[in-house]
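Student: Sequence first, then the predicted structure:
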Amino acid sequence: MTLRFSVLASGSTGNAFYIESDKERLLVDAGLSGKQMDHLFSEINIDPSTLTGILVTHEHSDHIKGLGIMARKYNLPIFANEKTWNAMERSIGKIGLDQKFYFNMEQVKTFQDLDVESFGVSHDAAEPMFYTFHHEGKKVALVTDLGYVSERIKKTVEDADAYIFEANHDVGMLRMGRYPWNVKRRILGDSGHVSNEDCGLALTDIISNRTKRIYLAHLSLDNNMKDLARMSVDSVLQERGITLDLHDTDPKAPTPLYEVV
């Protein structure tokens with residue numbers, strides 16, 4: 001029984017996530033150039049020609065920049081909901097009908113031995129959604145690009161073995177930073193991104209004894225730092241008596257393949 005994953009890239013400049021089971025090899029988002037995507041796969045010794053499909057979360061360019069290129073180069077099926085397809089179709093170039101599939105929000109889709117559950121998030125995109133992955137009783141939850149973590153989302157992602165969870169910004173850095181106020185307001189709003197502290201608070205509600213690993217994801221280059229994110233989230237967890245290793249992600253380098261056991 002195998003369930004392994006790598007956060008290939010995470011941040012405001014590009015996002016991609018890889019997960020494999022015994023029979024499936026799925027890419028979630030391809031937010032970097034085709035050349036960069038190939039390089040990231042080579043770093044974890046995975047041949048992209050062995051991929052079985054690409055799931056899309058939403059149409060922002062830091063999630064779909066290399067999507068069309070990867071799909072055409074490796075003849076891969078793409079799965080996205082209808083509103084996301086409509087929003088991204090012009091950006092990704094020509095995709096054959098035999099590669100275009102719908103994956104609706106709040107649906108469970110079975111990819112051979114891997115069950116994938118989609119759930120909606122609050123973000124300023126057409127119909128953004130993220131995923132939990134289930135294989136042989138193991139669960140991995142991918143949760144980024146959301147303004148707040150609703151009770152419904154917490155119920156969907158709770159009790160996972162591993163989390164890739166957004167810790168986008170430090171509120172103080174963002175408020176004091178160089179962004180214009182309308183951008184700051186967007187990031188801080190209900191359709192923006194989760195802060196370090198809110199990440200920690202959400203995690204305290206959803207992790208359980210089976211949770212072994214947490215990756216802090218989609219960190220802002222301008223309004224956060226890896227050490228600060230780890231320290232901020234850790235202090236919220238510690239206040240509630242929770243001690244867990246927190247792992248970094250990077251906009252340009254993949255995390256080592258991690259096996260969920």
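Tutor: Arrived safely. Numbering: from 1, shown residues only.

Student: which stretches of the stretch 101-250 of the chain form strands?
Tutor: Along the stretch 101-250 of the chain, counting by DSSP state E, counting those that start in this stretch, strands occupy 108-111, 114-120, 129-135, 138-143, 162-166, 213-217, 246-248.

Student: nearest residue to residue 10 other than its sequence neighbours?
Tutor: residue 249 (3.8 Å; C-beta to C-beta, 6 or more residues apart in numbering). C-beta: built from backbone N, CA, C; applies to glycine.

Student: I'd like to know how many residues surround that neighbour.
Tutor: Number of residues near residue 249 (other C-beta atoms under 10 Å) recorded here: 26.

Student: so what pLDDT did it get?
Tutor: On the pLDDT scale, residue 249 is placed at 98.

Student: Next: the one 5 residues further on.
Tutor: At residue 254 the predicted local confidence, pLDDT, stands at 98.

Student: follow-up on the earlier one: these two touch, right, the residue nearest to residue 10 and residue 224?
Tutor: No: counting by C-beta atoms under 8 Å, residue 249 stays clear of residue 224, with 11.7 Å between them.

Student: picking that back up, any idea how far the residue nearest to residue 10 is from residue 106?
Tutor: 26 Å (C-beta to C-beta, to the nearest Å).

Student: How much space separates residue 245 from residue 172?
Tutor: 25 Å.

Student: With neighbour numbers in mind, choose between these two.
Tutor: residue 172 (12 against 9).

Student: what's near enough to touch that one?
Tutor: Contacts for residue 172 were tallied using C-beta atoms under 8 Å, 6 or more residues apart in numbering; there are none.

Student: rerun at 10 Å
Tutor: 195, 196, 223, 228 (C-beta atoms under 10 Å, 6 or more residues apart in numbering).

Student: cool, residue 131 as well?
Tutor: Counted by C-beta under 10 Å, 6+ apart, residue 131 has contacts 17, 19, 26, 28, 55, 57, 79, 103, 109, 116-119, 140-143, 156-157.

Student: do residue 3 as well
Tutor: Here residue 3 is in contact with 19-22, 24, 113-114, 133-140, 161-162, 258-261 (C-beta under 10 Å, 6+ apart).

Student: List only buried entries from those.
Tutor: 19-21, 24, 114, 133-135, 138-140, 161-162, 258, 260 (16 or more other C-beta atoms under 10 Å).

Student: still on that earlier bit, most neighbours of all the contacts of residue 172, which one?
Tutor: That'd be residue 196 among these, by other C-beta under 10 Å, with 29 neighbours.

Student: excluding its backbone neighbours, what's nearest it?
Tutor: residue 232 (3.7 Å).

Student: looking at it, that neighbour is touching residue 200, isn't it?
Tutor: Yes: the pair residue 232 / residue 200 is scored as a contact, 6.6 Å apart, by C-beta atoms under 10 Å.

Student: Please identify every residue contacting each of these two.
Tutor: With C-beta under 10 Å, 6+ apart as the test, residue 232 and residue 200 both reach 167, 216, 246.
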